Every structure is written in C-alpha cells, then in structure tokens.
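Enquirer: Here's my sequence, what's the structure:
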Amino acid sequence: MEHHVDIGKRGVVLLNTFLFLCIFILIIVVGKEVVVRKQQVREQYGNISHIEPTVVQQQPVKFSVDKDVHWKTLKGEIYPYSFLSPETLTLVRLPENPYDIYAVSWGNIAPSSNVLIGIDNLNNNEALKKYISTPKITYVENWWKQFSGLTGVESLTIFTNKNGLKGYKVKYGKANGPVGYDDVFFEVESEPHIVIHVSNLVLDNTVFDRIVDSIAWNDN
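Expert: Numbering: from 1, shown residues only. Below you'll find the predicted structure:
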C-alpha cells in the first residue's frame, strides 16, 4: 500500500513539473511577441505610434455606436484637415503634438499607443523627403521598412473617399502573419509633402469606415 502511495505522489510531482514547464514556455513566447511589437513603436512620431505594442488579438471587443448617435466635426489645430467622429468616442490631443494627432481613449490601451489620425509631414524627415516627388503609393508600400517587426505589405486597396481624397488602405505583415488592424494613408494633391495617416486598433469597422470617408483637407 505504501509503495502505491509513493508512486501516486511521484505522479503528482511529475504533473506539476510538466505544468510549470508549459507555463514557463508560454511566458517566454508571449514576452517575445510583446517585445517585437514594442520595437515597432519607434516611428516618425517618436513615442507616439500608429503601431500598437499590445497584442491586438486580446482586444476582441470593438468600440461601436448606435445608429442614432450624433457625429461631430473635429479639425486639426496645425494642419487644415477635418473629420467626423461619434460624440460617444473620446478623442484626446497629446502633449508636444507636432503631428496634429487625435488619439483614442478607450479600453486598456494608452492613447499614445492608440493614435487615430495624424499628419506625416515628409519635409520633417530627411529619410522621407524622397517620397515628396514620387507617387504616394511608393511611400505607403515602403512605410513598413522603418520597423524591424514588420515584413511587408499583405494587402493594399486604392480608393477615393466622398471628399475626393485619394486613399490607400493597407494591412502590413509580420513574421507570423498580417497585423490585426488597418492603416489608411491619404495624399493631398495640393500639398505633396503631406500624408494624412489614419489607423484603427479598437474601432468597429463601420465606425472607422465612416470616419475615413469623412476626412477632408481644407486649403482655404
């Protein structure tokens, strides 16, 4: 009888050891993913990024609105762009904001990592000035090269929104597949050094699409 008890105890010890090793390996894998995503944060916005260091797949709930929610017009303070946003969506301006950013304050993602819209002024980056005189699709197709965690373009769609802005909706890739969100770039015909950059981390697609379709550039 005592012999069987010892075997049972050894079985429990082996099982606990196996579970501990599984948890340890999982922590290493998840930690590596977070490190890779954090490396992507360093873009032309410095500590402000369209690319989110939190694993997007862990955010299954998206921000949505009822059909009767009022939408308001918001405008850039430095650059003359505008867009519509639902009144129930909290957008914040960030300190030291030369990119004229509006960021989303919702869920457990910091606004500095949840940028909705901002301006890429190609004049302000020596490495990007070469794209001023080229078709903006070239900038969009090469934008990912600034980040070690990205591997290329997974899909790209060219469209025109209701205000006549030519846009590029793109999903970039990483080593294990496409990132979990879209980036949208608008070129401004009268300002070849300006690219309006929009990104969607937490918005329902119907909300994001309406925002994208409402974006305008007001020269006057």
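Enquirer: Can you verify my assumption that residue 212 contacts residue 196?
Expert: No - at 9.9 Å, residue 212 does not count as touching residue 196 under the criterion of Cβ atoms under 8 Å. (C-beta placed from N, C-alpha, C; glycine too.)
Enquirer: Wasn't residue 162 part of a strand?
Expert: No - with DSSP: H, G, I helix; E, B strand; the rest coil as the criterion, residue 162 is located in coil rather than a strand.
Enquirer: got a list of what it touches?
Expert: 213-214 (Cβ atoms under 8 Å, 6 or more residues apart in numbering).
Enquirer: Can you find the helix or strand in the protein with the smallest mean pLDDT?
Expert: Ranked by mean pLDDT, DSSP states H and E, the weakest helix or strand in the chain is helix 2-39, scoring a mean of 53.
Enquirer: following that one, which helix or strand shows up next?
Expert: Next helix or strand after helix 2-39 toward the C-terminus (DSSP states H and E): strand 71-75.
Enquirer: So which bits of that next one are buried?
Expert: The neighbour-count criterion (16 or more other Cβ atoms under 10 Å) identifies 71, 74 as the buried residues of strand 71-75.
Enquirer: Now do it: everything it contacts.
Expert: 81-87, 91, 102, 210, 214.
Enquirer: who does that strand pair up with?
Expert: Strand 71-75 has its sheet partners listed here by DSSP bridges as strand 81-86 (antiparallel).
Enquirer: Sketch out the low-pLDDT regions of the protein for me.
Expert: Under the criterion pLDDT under 70, the flagged ranges of the chain are 1-60.
Enquirer: Okay, buried residues for stretch 90-100 please.
Expert: 91, 94, 97, 99-100.
Enquirer: List of residues touching it?
Expert: Applying Cβ under 8 Å, 6+ apart, the contact partners of stretch 90-100 are 45, 48, 74, 76-79, 81, 85, 101-106, 111-112, 116, 118-121, 124.
Enquirer: Buried ones among those residues?
Expert: If we count by 16+ other Cβ under 10 Å, the contacts of stretch 90-100 have these buried: 45, 48, 74, 76, 79, 81, 85, 101-104, 106, 111-112, 116, 118-121.
Enquirer: Which of the buried residues of stretch 90-100 sits closest to residue 141?
Expert: For the buried residues of stretch 90-100, the closest approach to residue 141 (Cβ to Cβ) belongs to residue 99, at 21.2 Å.
Enquirer: Look up the closest residue to the closest one, ignoring the ones flanking it.
Expert: Residue nearest to residue 99 in three dimensions, not counting chain neighbours: residue 118, with 4.2 Å by Cβ to Cβ, 6 or more residues apart in numbering.
Enquirer: Please pull up the helix or strand immediately following the helix or strand hosting that neighbour.
Expert: In this structure, residue 118 sits in strand 115-121 according to DSSP H and E. The first helix or strand that comes after strand 115-121 along the chain, using DSSP H and E, is helix 136-142.
Enquirer: other SSEs contacting that next one?
Expert: strand 152-160, strand 166-174, strand 182-187 (3 or more Cβ pairs under 8 Å, 6 or more residues apart in numbering; DSSP states H and E).
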